[in-house]
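> How does the following fold in three dimensions:
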Amino acid sequence: MHPDHSDPQPPSAERPVRRTIDPTSAERRVGRHRAPEPPRRGPGRSVPGRIAVATGVTCCLGLVGVVGVGEAAPPNLKVREALADRAVTEQRASRDFTRAAPPVAAPAPPAPAVTPSPAPTRRKAPRKAVRPAHPRPVAGLDQRQMDNAKAVVDVGRDMKLPRRALVVAVATAMQESDLHNLASDVLPESFDYPHQGSGSDHDSVGLFQQRPSSGWGTVAQLMGPAYAARAFFTALAEVPGWEDMSVTGAAQAVQVSAYPDAYAKHEDRAAAVVAALT
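As a prediction, the model looks like this:
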């Protein structure tokens, strides 16, 4: 039978089926002149294949770990300890690399020392010169005489009289009573008031030896140095032109004394006393 003719009988189960082989393909398979087949790269030899294999192995290992954890069988203690140490190491490394160091707080500069400003000093107003109650005696007077002279000068200044009127009044008191507040031996009443001795010239009393009977005032009034001085200055101011008179002439115009020239000798001492009191 010719090999190209098919067998009219169907193949049986015992008879193997013969398949026609292409001469060209047969030539490639058999013989010395068979063309070498190109090398085939398996999945593990190419770079993409290697990556796929490594990924698959990693996934399998992770799956095995997950399955192992979920199994009821007791886990491998060494594996768990290794994984725990690795987790702690990775966590510590992650914190160390990701967390920034806390900023170092710069020390606050010391507060500048505040120097308290000195309290403003209040300037005290200059005090007016206050004359002592008992001025120092001058011109040979004692303290009682100087105090009486001061009482006379204070009244004259209060009445706004010039200095010459003060000198006339002090000189008159020096002549009449030696600047002592005298009671009268004729008037026992005069001893009821403060006094510094007594006289016997009729009813004359006080520093200026003024007589109550002549209308100068009552005994009680004339025994007061201030009242007696005011009575004298009032009478002096009523004398026309007294400012141009001598000390003796002005004093005599007021006192009408039996010894009109006696006042002149006291003028210098009276001026010294007035200067010390003004």
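> Can you show me the strands along the chain?
Using DSSP state E, the strands found in the chain span residues 183-184, 198-199.
> Out of those strands, the one nearest P225 is which?
Checking those against P225 by C-beta to C-beta gives strand 183-184 as the closest, at 13.1 Å. Yep, even glycine has a C-beta here, placed from its N, CA and C like the rest.
> Show me what that closest one is packed against.
Here strand 183-184 touches strand 198-199, going by 3 or more C-beta pairs under 8 Å, 6 or more residues apart in numbering; DSSP states H and E.
> Partner strands of the strand it packs on, with direction?
According to DSSP bridges, strand 198-199 has the following sheet partners: strand 183-184 (parallel).
> Run through who's touching the strand it pairs with.
Applying C-beta atoms under 8 Å, 6 or more residues apart in numbering, the contact partners of strand 183-184 are 190-191, 193, 195, 197-205, 223.
> same check, this time on stretch 245-261
With contacts defined as C-beta under 8 Å, 6+ apart, stretch 245-261 is touched by 167-168, 171-172, 175-176, 208, 232, 235-236, 239, 242, 262-264, 266-267, 270.
> Quick check: buried residues in that stretch?
245, 247-255, 257 (16 or more other C-beta atoms under 10 Å).
> same deal with stretch 230-239?
230-233, 235-236.
> before we move on, what about stretch 210-229?
Within stretch 210-229, the residues that count as buried by 16+ other C-beta under 10 Å are 210-212, 216-217, 219, 221-225, 227-229.
> what's the average pLDDT for that stretch?
Taken as a whole, stretch 210-229 carries a mean pLDDT of 96.
> Could you do stretch 146-165 as well?
Mean predicted confidence for stretch 146-165 is 97.
> any idea how far K160 lies from L166?
K160 sits at a distance of 11 Å from L166 (criterion: C-beta to C-beta, to the nearest Å).
> quick one: contacts for T278?
Here T278 is in contact with 153, 157, 163, 166 (criterion: C-beta under 8 Å, 6+ apart).
> what about it, distance to R164?
Distance from T278 to R164, by C-beta to C-beta: 12 Å.
> Over to V152?
Taking C-beta to C-beta, one finds V152 at 14 Å from R164.
> neighbour count winner among the two?
Between V152 and R164, counted using other C-beta atoms under 10 Å, the more crowded position is V152 (28 against 16).
> So what's the residue count around G197?
Neighbours around G197, by other C-beta under 10 Å: 11.
> can you check A113 too?
Counted by other C-beta under 10 Å, the residues lying close to A113 total 5.
> Ok, F191 next?
Residues within reach of F191, counting by other C-beta under 10 Å, total 14.
> wait, what's in contact with it?
Taking C-beta under 8 Å, 6+ apart, one finds 183, 198 in contact with F191.
> Run through the helices of the stretch 151-278 of the chain in chain order.
163-177, 219-222, 225-237, 247-255, 267-277 (DSSP state H, counting those that start in this stretch).
> Present those as CSV; the columns should include distance to A183.
CSV is the format used below for these (distance: least, C-beta to C-beta, whole Å):
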stretch, distance to A183
helix 163-177, 11
helix 219-222, 9
helix 225-237, 13
helix 247-255, 19
helix 267-277, 24
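> of all the ones you listed, which lies closest to R136?
Among these, helix 267-277 sits nearest to R136 (C-beta to C-beta), with 7.5 Å.
> Run through who's touching that closest one.
With contacts defined as C-beta under 8 Å, 6+ apart, helix 267-277 is touched by 131, 135-136, 138-141, 146, 149-150, 153, 163, 166-168, 170-171, 174, 247-248.
> PyMOL command for the buried members of those residues?
To isolate the buried ones among the contacts of helix 267-277 in PyMOL, judged by 16+ other C-beta under 10 Å, type:
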select buried, resi 135+139+141+146+149+150+153+166+167+168+170+171+174+247+248
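> Nothing else from me, thank you.
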